[in-house]
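A.B. asks: Need coordinates for the below:
(one chain, ligands or ions: 2)
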Amino acid sequence: MRALVARGPGAPLRVEEVRLPAPGPGQLRIRIRAAGICHSDLSMVNGTLAPAYPLVLGHEAAGVVAEAGPGTRLPVGAPVVLNWAPACRDCWFCRHDEPWLCAANTAPAVARGETAPAVARGETADGVPLHVTLGLGALAEEVVVPEQAAVAVPAGLPPAQAALLGCAVLTGTGAVRNTARVRAGESVAVIGLGGVGLAVLIAARAAGAAPVVAVDVAEAKRELALAAGATDFLLADDRLTKEVRARTEGRGVDHAFECVGRSATIGSAWRLARRGGAVTVVGMGGKDDLVSLAALDIFHSARTLRSSVYGSSDPDREVPELARSLGAGTLDLRPLVSGTLALDDAPAAFDRLARGEGARWVVTF
Ligand code: APR
Ligand code: ZN
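C.D. replies: Residues are numbered from 1 along each chain as shown. Ligands and ions are numbered 1, 2, ... in the order given. Alright, predicted model coming up:
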């Protein structure tokens, strides 16, 4: 089968013919219908993260069960959305209702470059063992994954939008609902309007937040932000803090969401939040990018700083919920899909993502 493979940091991305193993006990082979390109994929190839190579990119996808290994329950033909943080349901975190922090999840170790052997799966045409992004490697015609990494969803969903449920939408929605618990009438600022930030916007509006101020360095994001439900769009420049304060009676927002993954924007989010407000870090930054905050300011501002890993969600419960809303038309993810493209065009879409163009580019098969 064909997959988008990174051979090393900075190396040109290529679609390669690769071999996957047959699904073993508890595993499924999934035929991918659609897979989104997320900034975390870009971070795996531009040197921000240091994963092991050769690496099949992609971790946000919808597909259909093509072959079921021994001991699995999902039937062939079942539509699924992939989950990059399958919970073991047995570790301390899972038993304490924090499945997104499951100790068995190898994603944090992979990001640090400590690839767990279980994440190596398949091989290149010339016989080199392949690694798969976040245990999935979904920018590919097929994946072989543990059954827990496949969440059953209703049939008939639009594949490109369904794919986004597995990362950007679950992350953004969960950050609003689970991590920050935004209430109707609260004010929100969102910094960084890629797939993740736009999903935060959509969820914040759905929660009844107002104003919802969208912030980006790219003027081109204005239209996308307003389409996704922002009440205001502001450029990330020197006047940002003042402009946000002007919209919140001088206080700053109840909730600031950082959806870029950089220390500088975490600093901005911190300054946009009111005294006693909450800063939710949704972006995944680099390990050497340090945030600096004054101890006095931490004390007097009385703000909360929290990160939202995978939207502090339980994908097994929340992906089907979101899928039902998508099917019913109460969740409209069309503003998130900038375009669909063939796998061969994925390298060019990575370049567009790096330039900050569009919301989500989605490969369809
Ligand atoms: N201030 C404001 N916006 C910025 C800045 C900045 N200094 N720098 C970049 N941006 C904007 C870009 O213009 C772009 O619109 O942030 C957005 C990032 O969007 P994407 O690259 O599409 O990223 P996305 O896939 O949404 O992921 C965002 O979440 O999951 C993590 O690893 C992911 O850290 C990444 C973050
Ligand atoms: Zn992602």
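
A.B. asks: ranges for the helices of the stretch 201-350 of the chain?
C.D. replies: 221-227, 240-246, 263-272, 295-301, 315-328, 346-354 (DSSP state H, counting those that start in this stretch).

A.B. asks: Take those helices and lay them out in TSV including distance to G8.
C.D. replies: All C-beta spots, glycine's among them, are computed from the backbone N, C-alpha and C. Output for the helices of the stretch 201-350 of the chain, formatted as TSV (distance: least, C-beta to C-beta, whole Å):
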stretch	distance to G8
helix 221-227	31
helix 240-246	37
helix 263-272	26
helix 295-301	40
helix 315-328	31
helix 346-354	15
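
A.B. asks: For the spatially closest residue to V309 that is not a sequence neighbour, give me its contacts.
C.D. replies: Of all residues not flanking V309 in the chain, W100 sits nearest, at 5.2 Å (C-beta to C-beta, 6 or more residues apart in numbering). With contact taken as C-beta atoms under 8 Å, 6 or more residues apart in numbering, W100 is in contact with A85, A87, G174, V309, Y310, G311, S312, S313, D314, P315.

A.B. asks: Up against ligand 2, what does this structure have?
C.D. replies: Counting by C-beta under 5 Å from the ion, the residues of the chain lying close to ligand 2 are C38, S40, C167.

A.B. asks: which residues sit in contact with the first one?
C.D. replies: In this case it means C38. Going by C-beta under 8 Å, 6+ apart, the list of residues near C38 reads H59, E60, C167, A168, G195, V196, R360.

A.B. asks: hmm, back to that, report the separation between the residue nearest to V309 and P211.
C.D. replies: 29 Å (C-beta to C-beta, to the nearest Å).

A.B. asks: So which of the helices of the stretch 201-350 of the chain has the densest surroundings on average?
C.D. replies: helix 263-272 (a mean of 21; mean count of other C-beta atoms under 10 Å).

A.B. asks: That one - contacts with which helices or strands?
C.D. replies: strand 188-191, helix 240-246, strand 253-258, strand 273-281 (3 or more C-beta pairs under 8 Å, 6 or more residues apart in numbering; DSSP states H and E).

A.B. asks: Could you export the shortest one as PDB, CA atoms only?
C.D. replies: So the one you mean is strand 188-191. Extracted in PDB, the C-alpha atoms of strand 188-191 (Å, rounded to 0.1, in the frame of the first residue of the first chain):
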ATOM      1  CA  VAL A 188     -12.900  34.100  25.000                       C
ATOM      2  CA  ALA A 189      -9.800  34.800  23.000                       C
ATOM      3  CA  VAL A 190      -8.300  32.200  20.700                       C
ATOM      4  CA  ILE A 191      -4.700  32.600  19.500                       C
END
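
A.B. asks: outside of that strand, which residues touch it?
C.D. replies: 176, 182, 197, 200-201, 204, 209, 211-216, 230, 236, 244, 253-260, 265, 268-269, 272-273.
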